Structure formats: C-alpha cells, structure tokens
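J.: compute the structure for the input listed below.
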Amino acid sequence: MNVNGFQSSRKKQHNALKSVSLPAEQDCYEGEHLARLLELIRRGIESGRHLDGNSLPQKIWLKQQFAIGVNDVTRVLERMGPCNGMDRSSPQNSFRSSRKAPMVQLQVILVAADCNPRWLTKHLPSLASSRKVPVIFVRDNKEGSLRLGELVKLKTTIAIGVKARGNAINRLLEDILHGNEAGVAKDNVKL
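T.: Okay, the predicted model is just below:
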C-alpha cells in the first residue's frame, strides 16, 4: 500500500469513528435539560423504591432495575438478540438458554458522552439499534459519568441500561421518550 492509500485509509477510519462516537443532537441531553431529566429519573427511582418496599438492600434493588456499566449493558444487549425475526431455535441455542438466567429486556440506555477513551462505548449505539433500544447520551462538560453514577449510588458510571420491568421508572422513561416530559414534570411536582 502506498503512502497516499494509507492516509486515505486513516481518514476513512477517523471519519467512521467520528460518525459512530458522536451522538445525534436529538438524543443528547445537556445543561438544564439534562438536570431536569436526571432529577425526574432520581425521583422515579425514589418513588419506585418506596412502592416496592424496603425488603431488599438498595444495591440489590438497583441491580434488579438497571444494568450498570458498559460490560453489564453490553452483556444484556447481547443476550436480547437482534430484532430481525431470525429463527433462534437451534439445538445449541436452546441448550445455552436453559442454563442462563431469564432474558432481560432493556427499555433505554443512558450513556455518558464524555467517555474517554471513546472506543469504550462506540459499540453501544449500533448494538442497541439492532435490538431497537433507544440510547440517550448525557453530556455535562466532562462530568456526565459522575451524574450517571449519582443515579445508581456509585462514584461514576459510563452507561446505565434501564431494565423493562413495567414499574414507575419504566412509565416515567416511556413518557420522556415519547416527548411527554412536560406532563411528567408537572406530575412529579405534586409528589
């Protein structure tokens, strides 16, 4: 390969990385919009915890509601399987599925856009897209991972997957995803 071919190849790789790692503006929350979103989710977590009762320790309860961290989110997404209608009833798959925990579905994924290095999360949007799971990017002047960590009582976390359990948190996020955030904010003020 000549020098010019190598440079054009590197430009293509750089452009491909930029297109994968930069979130679309409609999926990115920052500033006051981000603060409002995180406050709504935090209130949803508190009310959901009180509705479920306090029989479980907080960390265990949070693990039941969320996939926390890039590895956990990736693992849950991979177990969900692609949403293309393929037949998954091969003998090998049925044997493996009988030994694993029940399949968990994710409703939405929150990802810190300030992740460094970016390659840690660049696979999540395409993987989530193939599973039809929306991704919300959190951008807060290099503190997105701190803000996400506060939600799940950790110092930092780069990604959080909200498990679809049909609870108050899921209903709240469903309203946010469908653009009913103003109505949700009014409801939460009354709490």
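J.: next SSE downstream of whichever helix in the chain runs longest?
T.: If you go by DSSP state H, the chain has its longest helix at helix 31-52. Using DSSP states H and E, the helix or strand that follows helix 31-52 towards the C-terminus is helix 58-65.
J.: and the helix or strand just after that following helix, what's its mean pLDDT?
T.: Next along the chain after helix 58-65, taking DSSP H and E as the criterion, comes strand 66-68. In this model, strand 66-68 has a mean pLDDT of 95.
J.: which residues sit against strand 66-68?
T.: 62, 73, 75-76, 104, 106, 152, 154, 157, 160-163 (Cβ atoms under 8 Å, 6 or more residues apart in numbering). To be clear about C-beta, it is placed using only N, CA and C from the backbone, and glycine gets the same treatment.
J.: those residues in strands, which ones?
T.: With strands taken from DSSP state E, the overlap with the contacts of strand 66-68 comprises L106, I160, G161, V162, K163.
J.: are any of these buried, and if so which?
T.: For the ones in strands among the contacts of strand 66-68, a burial check counting by 16 or more other Cβ atoms under 10 Å picks out L106, I160, G161, V162, K163.
J.: leaving out chain neighbours, which residue sits closest to the second one?
T.: It refers to I160. L110 (4.6 Å; Cβ to Cβ, 6 or more residues apart in numbering).
J.: mind giving me the packing neighbours of the helix or strand in which that neighbour is found?
T.: Secondary structure assignment for L110, by DSSP H and E: strand 106-112. Using 3 or more Cβ pairs under 8 Å, 6 or more residues apart in numbering; DSSP states H and E, the elements in contact with strand 106-112 are helix 70-80, helix 124-130, strand 135-139, helix 144-151, strand 159-163, helix 168-177.
J.: please identify the most buried of those.
T.: Comparing the helices and strands packed on strand 106-112 by mean neighbour count (mean count of other Cβ atoms under 10 Å), strand 159-163 comes out on top with a mean of 25.
J.: what helices or strands is it leaning on?
T.: So strand 159-163, by 3+ Cβ pairs under 8 Å, 6+ apart, packs with helix 58-65, strand 66-68, helix 70-80, strand 106-112, helix 144-151, helix 168-177.
J.: identify the farthest-apart pair in the contacts of strand 66-68.
T.: Farthest pair in the contacts of strand 66-68 (Cβ to Cβ) is V104 and L154. Separation: 19.8 Å.
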